[in-house]
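Visitor: Here is a sequence together with a model predicted from it:
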Amino acid sequence: MTISVVCGIIIKEGKILAAQRSATMSLPLKWEFPGGKLHPGESEEEALKRELQEELNIIVSLDKRLTPSPYDYGDIKIDLIPFLTHYLAGEIILREHLQIGWFTAQELLTLDWAPADLPIVREIVKSQ
């Protein structure tokens, strides 16, 4: 069974937000684009807006759906669905992650990414 997961490439003032998973999460200390699982009956767009509000206390506008990144972690298969978004409002509060950072597209390549996020990073860098 494959789980659909949405993530946001959040852009603010030309920089892209990346979040580092906490030590207690699966894939500890790996970097990722924040987001989460779709709830039954929820659209991808609704899920992403809800997840970013829950995880980071922010509101975003969704601009464009990018290429999904399917990944088999062995114990779980996910279909990671990325959206380009723009930060609109809210003071960031870290509810799950260890830290966040704002990076240029090239700087994203220096981070230790969760495997499913890597193809998305490459797509972003290539499009710059």
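Guide: Cool, got the structure. Numbers count the residues shown, from 1 in each chain.

Visitor: And the helices in this structure, which stretches?
Guide: Under the criterion DSSP state H, the chain contains helices at 44-56, 105-108, 118-127.

Visitor: out of the ones you listed, deepest packed?
Guide: Most buried of those by mean neighbour count (mean count of other CB atoms under 10 Å) is helix 44-56; its value is a mean of 19. Yep, even glycine has a C-beta here, placed from its N, CA and C like the rest.

Visitor: Which residues outside that one are in contact with it?
Guide: The contact list for helix 44-56 (CB atoms under 8 Å, 6 or more residues apart in numbering) reads 4, 6-8, 10, 19, 34-39, 42, 58-60, 62, 65, 81, 83, 85, 90, 92-97, 100.

Visitor: number of nearby residues for residue 17?
Guide: 22 (other CB atoms under 10 Å).

Visitor: which stretches of the chain form strands?
Guide: Along the chain, counting by DSSP state E, strands occupy 2-12, 15-21, 31-32, 35-37, 59-65, 69-72, 77-89, 97-103.

Visitor: The second one - contacts with which helices or strands?
Guide: If contacts are counted by 3 or more CB pairs under 8 Å, 6 or more residues apart in numbering; DSSP states H and E, strand 15-21 sits against strand 2-12, strand 31-32, strand 97-103, helix 105-108.
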